[in-house]
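Participant: 3D, please:
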Amino acid sequence: MNIVLAGGGTAGHIEPALNLADQLQLIDAEINITLLGTSRGLEVDLVPARGYRLELIPAVPLPRKLSGDLVTLPTRLRSAIKQTRDVLHKLEADVVVGFGGYVSIPAYLAARGEFPIVVHEANARAGLANRVGARFADAVAETVSGSLPRAELIGIPLRKSIENLNRSELRQAAREKFGISNSAKCILVFGGSQGAVKLNTVIGDCLAANVFADVVVLHSVGKKNEFCAPESSAYRPLKYIDQMELAYSAADFVISRAGAMTVAELTAVGLPACFVPLPIGNGEQSLNAGPVVAAGGAMLVPDLEFSVEFVRDEVMPIVLDDSRLQTMATASAALGHRNSAALLAELVITVARKGKE
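Facilitator: The predicted model follows:
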């Protein structure tokens, strides 16, 4: 069976594709898996590092405003579709699985009418690529109900280290790794792989004002950003956390953005959170967090309103209240999807087999 995954560009598109690839290999090591990407995306580094084949296709980002790029778009898109179709024929693809983004547009259009298609949407508000692909896909999977027509609610494929995580069992080892006392409360702060300047700024101001008192802050600031304060027993800054399962196990509460993968992981492991959605894009981060907030598993604050005062008056009373933490954790976990990778893999294999009939 030859399965082609289209999920290049950003980590939000690549990581679910790679997690699905891992699950497919667990099911059957003889399945041939290839990821489509472009030379300008993170997939150039991430895909080979996970041991999967990468085929490059032309990048055709869709212009968001009138420009010369819009005039040349039809020609560039036709060329990309042709080249992608040639790749699919070379690979003898049995199914094409798209995760959105500019890599998926030529993949969907190249596969249409010749190869079975499965669309996976991670966000509550679907992007253009998946809205197009879903119109003629053989199957559609979603993470938040109502994002696409005909979609089956599956969730996002997660890494096995998160999918199988038992936070309580790993808590002591995690605390030892980060140098955090077992008796201390811990807030985990992160803004994605690159960090978030706004979160970092507010956390730095909170540290200066002693808002956290004895609560330990485990802070992933981003590889290109500076620490907000010197490391101490109450402030554990890192440029990047490569074992998030340990960070989740050490934490009692999280302050983060609300990307689809972040929301999926936090609900899967049952961590209460304060979401500060990225204030750009089409508002999908607020929508991603919406169901968790509505269920009582998280709080949400607009980027402009996230401040020292908000942390002091709204976040800290929760962090210091064991009962409220537990109630939020239970509500968060109730919305988690721990078997999304297996469900999506089953759907993909079913579509591929049907296409062979």
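Participant: what about Glu30, how many neighbours?
Facilitator: Neighbour count of Glu30, defined by other Cβ atoms under 10 Å: 7. In short, each C-beta sits where N, CA and C put it, glycine included.
Participant: same check, this time on Gly133
Facilitator: Neighbour count for Gly133, taken as other Cβ under 10 Å: 29.
Participant: any idea how far it lies from Ala151?
Facilitator: 12 Å (Cβ to Cβ, to the nearest Å).
Participant: can you check Asp205 too?
Facilitator: Going from Asp205 to Ala151 by Cβ to Cβ gives 42 Å.
Participant: ok, the two, which is more surrounded?
Facilitator: In this view Asp205 and Ala151 are compared by other Cβ under 10 Å, and Ala151 has more residues nearby, 22 against 15.
Participant: give me the below-cutoff pLDDT ranges for the chain.
Facilitator: Within the chain, the segments meeting pLDDT under 70 span 61-72, 193.
Participant: and it, what are its domains?
Facilitator: 2-158+338-356, 164-333 (automatic domain parsing).
Participant: how much space separates the nearest residue to Ile57 once chain neighbours are set aside from Ala107?
Facilitator: Nearest residue to Ile57, sequence neighbours excluded (Cβ to Cβ, 6 or more residues apart in numbering): Thr84, at 4.8 Å. The spacing between Thr84 and Ala107, counted by Cβ to Cβ, is 6 Å.
Participant: just Asp321 next, same as before
Facilitator: Distance, Asp321 to Ala107, using Cβ to Cβ: 48 Å.
Participant: show me which of those two is the more surrounded one.
Facilitator: Ala107 (33 against 12).
Participant: picking that back up, for the residue nearest to Ile57, grab the count of nearby residues.
Facilitator: Burial measure for Thr84: 26 neighbouring residues, criterion other Cβ under 10 Å.
Participant: would you check that it makes contact with Leu56?
Facilitator: No - applying Cβ atoms under 8 Å, one finds Thr84 not in contact with Leu56, separated by 10.2 Å.
Participant: any common contacting residues for these two?
Facilitator: Taking Cβ atoms under 8 Å, 6 or more residues apart in numbering as the criterion, Thr84 and Leu56 both touch Leu36.
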